[in-house]
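A.B. asks: Here's my sequence, what's the structure:
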Amino acid sequence: MVISGGHNDLPHLKAYTDSSRHEAVIKSFKLPFDSEDNGVKGDIGIVVVNNMLLTGFDAPVEQVMYLDKVIQAHNLLQAIARVNRVGGADKEKGFVVDYVGIGHHLKRAIDTYDEREQKEIEETLSFPEEEIRQLEHDHQALIAFLSQYGLTDLTDHDAFFDLFYDEDIRFEFMQGFRQLTRSLNLVFPARQALNYIANYQALAEINVLAGRHLHDTRLSMKGIPAKLRQIVDAHLASQGIDPKVKPISILDEDFERQVGTRKRAKTKAAEVEHALRHYIDLELDDDPELQASFAEALAAILSEFKDNWERIYQELEKLRQRLKDADKEPTYGLHKKREM
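C.D. replies: The predicted model follows:
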């Protein structure tokens, strides 16, 4: 408790009006949990305040304010601005929990500013009902987008891989998933967010696996906020998926076995194609002549056997073997990349 006192305070309140105690409590509140500074531990997460800390108080860590007394005019705006400080990557926003109904006081406080400043203030405010509606909209939009291509089973990964062969569709999915992530992060951990967690986990799984399948680094866990990342990581672990593991190289002995687990010819062909593209672009970058010859051979296969996925898969597998053979060519004691 950090409260202002008076001469006639009862004895049990005087302990909470001592200024030195105030300093220690405030310092502890500002520190991260499990940290310590000059004997003060960061173990205070909630501070009860009365007529204190309205001006000159800056605690970026503060994320939630519970209001149970009426505050008006600039004091109200100053108070609720306390949760609006930037406070590290994990703090997306601040929350104000209003127990007394300060809404109309807030409107009056904003009305005292000119039109431009009013607009700036109002743009920083959002309300739970609006965010829940936005989350519902973004979820429905992404599910509807997938449904128009016949994707209603979020566990049919091969079907997603086939669809994402089209880069424009893949990009639309990325945008929709990114928007859903933002909306879910704003609402979570409100109970309404729990209705969307199962689908979000399934979509995140698709995001990771499709990124590996197509060697597209844009399909990754990068940018997912920490609190959602913990939930998704736990789900991926339960499915035996480690998002940090890199895709298997086309030269690896396990690559052919992995491709063989795919059920569709198009899925197999796409996995080999994108693995070849990745290898040609990165590993052969310092051998332009060899890089060009394999790139031309890849383009010729896709052009000659267009839409005949079984034949494309067969020809790409032959090209992969050629690339493996090229990698095994003797170097006569020279360094393969720097000297050969």
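A.B. asks: how about the helices in this structure?
C.D. replies: Ranges of helices within the chain are 11-14, 19-30, 73-80, 103-111, 115-124, 128-147, 157-163, 167-187, 194-214, 226-238, 253-260, 265-282, 288-304, 309-327, based on DSSP state H.
A.B. asks: just so I know, which of those lies nearest residue 93?
C.D. replies: With CB to CB, the closest approach to residue 93 among those belongs to helix 167-187: 6.7 Å. Bear in mind the C-beta positions are built from the backbone N, C-alpha and C, glycine included.
A.B. asks: The closest one to helix 194-214, inter-axis angle?
C.D. replies: Here helix 167-187 runs at an angle of 150 degrees relative to helix 194-214 (axes from the mean of the first three to the mean of the last three CA atoms, to 10 degrees).
A.B. asks: Who are the packing partners of helix 167-187?
C.D. replies: The contact analysis (3 or more CB pairs under 8 Å, 6 or more residues apart in numbering; DSSP states H and E) places helix 167-187 against helix 128-147, helix 194-214, helix 226-238.
A.B. asks: Give me the residues contacting it.
C.D. replies: 92-93, 126, 128, 131-132, 134-135, 138-139, 141-142, 145-146, 149, 163-164, 193, 196-197, 200, 203-204, 207, 210, 214, 216, 218-219, 223-225, 227-228 (CB atoms under 8 Å, 6 or more residues apart in numbering).
A.B. asks: What residues sit buried inside that helix?
C.D. replies: Buried residues in helix 167-187, counted by 16 or more other CB atoms under 10 Å: 170, 173-174, 176-177, 179-187.
A.B. asks: What of stretch 96-103?
C.D. replies: Neighbour-count burial for stretch 96-103 [16+ other CB under 10 Å]: 96, 102.
A.B. asks: how about it as PDB, C-alpha atoms only?
C.D. replies: What follows is stretch 96-103, C-alpha atoms only, in PDB (Å, rounded to 0.1, in the frame of the first residue of the first chain):
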ATOM      1  CA  VAL A  96      -7.800  -0.100 -17.200                       C
ATOM      2  CA  VAL A  97     -10.400  -2.000 -15.100                       C
ATOM      3  CA  ASP A  98     -13.100   0.500 -14.200                       C
ATOM      4  CA  TYR A  99     -15.100  -0.300 -11.100                       C
ATOM      5  CA  VAL A 100     -16.900   3.100 -10.800                       C
ATOM      6  CA  GLY A 101     -17.900   4.000 -14.300                       C
ATOM      7  CA  ILE A 102     -15.400   6.800 -15.300                       C
ATOM      8  CA  GLY A 103     -16.500   6.600 -19.000                       C
END
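A.B. asks: So what touches that stretch?
C.D. replies: 64-71, 76, 80, 83.
A.B. asks: Which ones among these map onto strands?
C.D. replies: Mapping those onto strands (DSSP state E) picks out 64-67.
A.B. asks: Report how many residues lie close to residue 157.
C.D. replies: A total of 18 residues lie near residue 157 under the criterion other CB atoms under 10 Å.
A.B. asks: before we move on, what about the one 4 residues further on?
C.D. replies: Residue 161 is surrounded by 24 other residues when neighbours are defined as other CB under 10 Å.
A.B. asks: Return the distance of it relative to residue 287.
C.D. replies: As for residue 161, its distance to residue 287 is 30 Å (criterion: CB to CB, to the nearest Å).
A.B. asks: hang on, the earlier thing: would you format the buried residues of helix 167-187 as a markdown table with distance to residue 262 included?
C.D. replies: As requested, these are arranged in a markdown table below (distance: CB to CB, whole Å):
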| residue | distance to residue 262 |
| --- | --- |
| 170 | 18 |
| 173 | 20 |
| 174 | 22 |
| 176 | 25 |
| 177 | 23 |
| 179 | 30 |
| 180 | 27 |
| 181 | 28 |
| 182 | 32 |
| 183 | 33 |
| 184 | 30 |
| 185 | 33 |
| 186 | 37 |
| 187 | 36 |
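A.B. asks: ok, these vs residue 4, which is closest?
C.D. replies: Using CB to CB, residue 186 is the member of these that lies nearest residue 4, at 35.0 Å.
A.B. asks: And that closest one, how far from residue 336?
C.D. replies: The gap separating residue 186 from residue 336 is 51 Å, by CB to CB.
A.B. asks: Over to residue 91?
C.D. replies: 49 Å.
A.B. asks: the more surrounded of these two?
C.D. replies: residue 91 (16 against 12).
A.B. asks: Name the nearest residue to the more buried one, sequence neighbours excluded.
C.D. replies: Spatial nearest neighbour of residue 91, excluding adjacent residues (CB to CB, 6 or more residues apart in numbering): residue 63 at 5.9 Å.
A.B. asks: Could you give the number of residues near the one you found?
C.D. replies: 18.
A.B. asks: what sits against the closest residue to residue 233 other than its chain neighbours?
C.D. replies: In space, residue 233 comes closest to residue 243 once its chain neighbours are excluded; the distance is 7.1 Å by CB to CB, 6+ apart. Going by CB under 8 Å, 6+ apart, residue 243 touches 208, 220-221, 233, 236.
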